[in-house]
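*Asks:* 3D model of this:
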Amino acid sequence: MPRNLGIKANFPRVTALPDPSTGQEGDVVLWGGAPWMHNGSTWKSILVGEVTYDKLAPVRNAPTITPSPGDWLLGGLASGTGVGKLPLGQANGVPLLNAIGALASADAYLNRGALYTAVDWNTITTAGVYRVYDSAFGTGSANTPPAIYKYGILLVLASELTIQQIYIPHVTDGAIYFRQTWGDPPNWSQWFGAGGTYGSNSNGSYIRFADGTQICWAKQPDSQWAAITERTVTAGGITVYFKDFWGITFPAAFSSEPSIVVGGDVGGPQLKTIVPWNPSASGFNVTAVYQTSGSGIFSYYIAIGRWR
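*Replies:* Residues are numbered from 1 along each chain as shown. Purely as a prediction, here's the structure:
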């Protein structure tokens, strides 16, 4: 049975642990400044939870590494020689300590600076935040997001072989663009857009989607039609009346001629129609044809097309 350590005031001090075969279970000796007990087969340190010479052996015997310039070690930034054993991150990773051994500021690894020259966006793979200038979209650049506004922020997220790029324009687009790659070599997806922009003005309302789709709509009330001169045409003994509403302008221009649907009504029981004509990317005209002079008219439209 192990001996009661509480009643043994002095343990023998030794310069080396005795041969385990010469000890008995419960024997205690002092070696290396710490007590050791024989468990019946070998000697074991009994100061569990305290640092002893024996417990530090794995650290003493750990292989020395030779870091590269820019690697972060326990104690500071490596200069290219074997100066430590506990690396905390690589130059393109997340350093936990700065060059004087203090905790690094978040800016040390989040702020990656500005993209103000031509660049292939496929090569922007280091995690962090970049400020983007229009020159990063200009001549010589490649694989850029399909954004209209070319100033913004690029966020790069990286985890092993998966990398995500998120481009956020400062203004105008009202959308966020993103894509990702995975594997080695990288296999980038196409750019996707999320979000939309709503607007309105005296010409009507519109919404622009990140994929380039635009929808415009507006009404032309009776008061606007009443201000237009009524004209007549007679053919085959039949007289009809009509008004031409010139220059209906879209609240936001399309990049090309959109598809237009026109609705409305001419008051009273009569044959009547309202038709659009001469459409363009910026607007169109519309004509109301009817049988009774002085009839009240109102109309509306919806136009769908591309804004980029």
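
*Asks:* which outside residues touch stretch 293-302?
*Replies:* 215-222, 225-226, 230, 232, 241, 243, 245, 248, 260-268, 270, 272, 274, 276, 284, 286, 288, 290 (C-beta atoms under 8 Å, 6 or more residues apart in numbering). C-beta coordinates here come from the backbone N, C-alpha and C atoms, glycine included.

*Asks:* neighbouring strands for the helix or strand that contains Arg112, and are they parallel or not?
*Replies:* Under the criterion of DSSP states H and E, Arg112 resides in strand 111-115. If you go by DSSP bridges, strand 111-115 pairs up with strand 128-132 (parallel).

*Asks:* where does the stretch 1-150 of the chain dip in pLDDT?
*Replies:* Low-confidence segments of the stretch 1-150 of the chain (pLDDT under 70): 1-10, 47-109.

*Asks:* what segments of it are strands?
*Replies:* For the stretch 1-150 of the chain, applying DSSP state E, counting those that start in this stretch gives strands covering 28-31, 34-38, 43-45, 72-73, 76-77, 87-89, 111-115, 128-132.

*Asks:* give me whichever of these is most buried.
*Replies:* strand 72-73 (a mean of 23; mean count of other C-beta atoms under 10 Å).

*Asks:* check the offset of the top strand by length along the chain from the chain's centre.
*Replies:* Longest strand in the chain, counting residues (DSSP state E): strand 238-249. Distance, stretch centre to chain centre, for strand 238-249: 51 Å (C-alpha atoms, centre = their mean, to the nearest Å).

*Asks:* same thing with stretch 293-308?
*Replies:* Taking mean C-alpha positions (C-alpha atoms, centre = their mean), stretch 293-308 and its chain are 39 Å apart.

*Asks:* number of nearby residues for the residue nearest to Asp244 when sequence neighbours are not counted?
*Replies:* Nearest residue to Asp244 in three dimensions, chain neighbours excluded: Thr287, at 5.1 Å (C-beta to C-beta, 6 or more residues apart in numbering). Counted by other C-beta atoms under 10 Å, the residues lying close to Thr287 total 16.

*Asks:* can you tell me the SS state at Thr287?
*Replies:* strand (DSSP: H, G, I helix; E, B strand; the rest coil).

*Asks:* Arg208: neighbouring residues, count only.
*Replies:* 24.

*Asks:* report the contact partners of it.
*Replies:* Contacts of Arg208 (C-beta under 8 Å, 6+ apart): 174, 196-197, 199, 214, 252, 307.

*Asks:* Gly199 too?
*Replies:* Contacts of Gly199 by C-beta under 8 Å, 6+ apart are 205-208, 251-252.

*Asks:* mind listing the residues bridging to it?
*Replies:* Tyr206.

*Asks:* thought Gly193 was touching Pro146?
*Replies:* Yes: contact criterion C-beta atoms under 8 Å: Gly193 and Pro146 qualify, at 7.1 Å.

*Asks:* and for the two, which residues touch both?
*Replies:* With C-beta under 8 Å, 6+ apart as the test, Gly193 and Pro146 both reach Tyr177.

*Asks:* residue closest to the middle of the chain?
*Replies:* Residue closest to the average C-alpha location in the chain (C-alpha atoms, centre = their mean): Ile166, at 3.1 Å.

*Asks:* using PDB, write down the CA coordinates of the helix or strand hosting that one.
*Replies:* Here Ile166 sits within strand 162-169, counting by DSSP H and E. Only the C-alpha atoms of strand 162-169 are listed here, as PDB (Å, rounded to 0.1, in the frame of the first residue of the first chain):
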ATOM      1  CA  THR A 162     -12.300  27.600 -51.000                       C
ATOM      2  CA  ILE A 163     -12.100  31.400 -51.700                       C
ATOM      3  CA  GLN A 164     -15.100  33.800 -51.800                       C
ATOM      4  CA  GLN A 165     -14.900  37.300 -53.400                       C
ATOM      5  CA  ILE A 166     -17.700  39.800 -52.500                       C
ATOM      6  CA  TYR A 167     -17.700  43.200 -54.300                       C
ATOM      7  CA  ILE A 168     -19.700  46.000 -52.800                       C
ATOM      8  CA  PRO A 169     -20.000  49.200 -54.900                       C
END
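
*Asks:* all set, thanks.
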